[in-house]
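**Q** Generate coordinates for the sequence data below:
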Amino acid sequence: MDLGICKYKPDAGPLSRRLCASWAHWFADLSSGDLPDDTALFASCAEHGLRPVPNLRTSIAALRRFGAEGGMDGAIQWYSDCILRYCDTYPVRDIEVWGDADIAFIAGGKANPLDYGRVLTAVYWRVKSARPDVTIWTGGFGADFAVNFVDDGVARHAPEAFDVCNLHPFASLNPPDPGPYRATAAIRIDRMRRTLDKKAKGQPFASTGFGLPTVPFDGPPPQAFGRYWRVAQGACAPLEHEALAWYVTLLELMRDCGFLTVCLLLDDFSDGQVPRFQQWCGLRRKDGTEKAFVEGLCDWGHTNAERKT
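**A** Numbering: from 1, shown residues only. From the prediction side, this is the model:
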């Protein structure tokens with residue numbers, strides 16, 4: 001299993017080398033119909049030996065706007081055209097198709113599994129007919145390794161229309177103990193594995209977005225919180241210097257389950273949207289400084305890379 005960086009920025013190149021990362025993921029928003037200028041991102045990937053996998057996002061509002069005359073078929077045609085223009089403009093071999101389509105405030109509405117499957121199927125065959133060299137990843141879904149979008153979505157409505165089953169299993173750490181949490185996650189991954197093997201093509205897993213919430217405070221949380229601080233959505237957040245064991249436990253689980261890569265969220269953020277625990281899941285704080293566990297995670301990355309060779 002390789003490591004990567006989620007929401008990659010050019011200034012993260014040196015950190016990617018320390019992690020022995022091989023992949024870079026970012027959001028490329030196609031909703032306006034214009035291609036984003038991602039020249040600097042691709043140049044940074046080339047400089048630091050990273051393989052890009054951009055999340056080619058659209059939105060429900062954009063699909064409605066550009067499909068006003070042609071309906072859903074017209075909207076899918078427009079989106080496919082945007083994706084092909086992106087693939088022809090930039091040196092890309094891997095794309096994520098409309099990540100987070102199930103999150104209303106990101107997608108501008110919540111795409112149901114049937115509609116997402118329809119979009120993914122049409123995009124897959126159109127892109128593959130023009131660019132068979134491009135590997136198509138599903139949009140990332142599934143905080144806490146939730147199974148519903150695999151079970152009820154891509155495996156049911158687009159079983160042959162993706163090459164990589166991509167998850168965003170950001171961990172809320174409930175229950176707040178690495179052992180039980182890992183056991184639950186393992187059961188869910190196994191269920192998704194059996195679903196893909198039975199109903200789809202047995203596609204491999206990957207993750208273009210992973211992390212767990214941490215807080216930098218030196219003191220213990222209030223007694224009512226238990227062992228860990230609590231952040232948005234009731235997620236448990238260990239202190240930064242306690243987080244490495246959690247990361248290693250879950251990364252090794254995903255490695256043992258055959259994930260191709262896991263991309264770690266680069267920065268904490270605040271985007272003015274609904275508060276959610278992912279805002280505390282970065283490798284770096286909002287001011288760009290690295291969190292206390294990162295050096296240990298870099299050591300694990302070296303060991304993981306040596307294990308591969």
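**Q** Can you tell me the SS state at Ser22?
**A** Of the three states, Ser22 takes strand under DSSP: H, G, I helix; E, B strand; the rest coil.
**Q** ugh, wrong one, I meant Ala62
**A** Secondary structure, three-state DSSP: Ala62 is helix.
**Q** Then Met192?
**A** Note that with three-state DSSP, the state of Met192 is helix.
**Q** Give the burial count for the residue found closest to it once you drop the neighbours it is linked to in the chain, as a bare number.
**A** Counting by Cβ to Cβ, 6 or more residues apart in numbering, Met192 lies nearest to Val150, which is 4.7 Å off, once chain neighbours are set aside. (C-beta placed from N, C-alpha, C; glycine too.) By other Cβ atoms under 10 Å, 27 other residues sit near Val150.
**Q** Just list the residues touching Val150, thanks.
**A** The contact partners of Val150, by Cβ atoms under 8 Å, 6 or more residues apart in numbering, come to Phe141, Gly142, Cys165, Met192, Thr195, Leu196.
**Q** Between those residues, which sits nearest Leu63?
**A** Within the contacts of Val150, distances to Leu63 taken as Cβ to Cβ reach their minimum at Phe141, with 18.0 Å.
**Q** Touching, that closest one and Gly153? I think so.
**A** Yes: counting by Cβ atoms under 8 Å, Phe141 does reach Gly153; the two are 7.4 Å apart.
**Q** Render the CA-only coordinates of the helix or strand Lys198 falls within in PDB, please.
**A** Element membership for Lys198 (DSSP states H and E) is helix 178-199. Output of helix 178-199 as PDB, limited to C-alpha atoms (Å, rounded to 0.1, in the frame of the first residue of the first chain):
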ATOM      1  CA  PRO A 178      -8.400   1.500  18.800                       C
ATOM      2  CA  GLY A 179      -9.200  -2.200  19.300                       C
ATOM      3  CA  PRO A 180     -13.000  -2.200  19.000                       C
ATOM      4  CA  TYR A 181     -12.900   0.600  16.400                       C
ATOM      5  CA  ARG A 182     -10.600  -1.500  14.300                       C
ATOM      6  CA  ALA A 183     -12.700  -4.600  14.700                       C
ATOM      7  CA  THR A 184     -15.800  -2.800  13.500                       C
ATOM      8  CA  ALA A 185     -13.900  -1.200  10.600                       C
ATOM      9  CA  ALA A 186     -12.600  -4.600   9.600                       C
ATOM     10  CA  ILE A 187     -16.100  -6.100   9.500                       C
ATOM     11  CA  ARG A 188     -17.300  -3.300   7.300                       C
ATOM     12  CA  ILE A 189     -14.400  -3.500   4.900                       C
ATOM     13  CA  ASP A 190     -14.900  -7.300   4.600                       C
ATOM     14  CA  ARG A 191     -18.600  -6.700   3.800                       C
ATOM     15  CA  MET A 192     -17.700  -4.300   1.100                       C
ATOM     16  CA  ARG A 193     -15.100  -6.700  -0.300                       C
ATOM     17  CA  ARG A 194     -17.600  -9.500  -0.500                       C
ATOM     18  CA  THR A 195     -20.100  -7.200  -2.200                       C
ATOM     19  CA  LEU A 196     -17.600  -6.100  -4.800                       C
ATOM     20  CA  ASP A 197     -16.500  -9.700  -5.500                       C
ATOM     21  CA  LYS A 198     -20.100 -10.900  -5.800                       C
ATOM     22  CA  LYS A 199     -21.900  -8.000  -7.500                       C
END
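**Q** Let me see the mean pLDDT of it.
**A** Average pLDDT, helix 178-199: 96.
**Q** what's the angle from the following helix or strand past it to helix 178-199?
**A** Downstream of helix 178-199, the first helix or strand assigned by DSSP H and E is strand 205-210. Here strand 205-210 runs at an angle of 130 degrees relative to helix 178-199 (axes from the mean of the first three to the mean of the last three Cα atoms, to 10 degrees).
**Q** for the record, mean pLDDT for strand 205-210?
**A** For strand 205-210, mean pLDDT is 98.
**Q** show me where the stretch 151-300 of the chain has strands.
**A** 165-167, 205-210, 229-230, 236-237, 261-265 (DSSP state E, counting those that start in this stretch).
**Q** just those: most buried one?
**A** Neighbour counts (mean count of other Cβ atoms under 10 Å) averaged over each of the strands of the stretch 151-300 of the chain peak at strand 165-167, with a mean of 30.
**Q** Relative to the whole chain's centre, how far out is that one?
**A** Centre-to-centre, strand 165-167 and its host chain are 8 Å apart (Cα atoms, centre = their mean, to the nearest Å).
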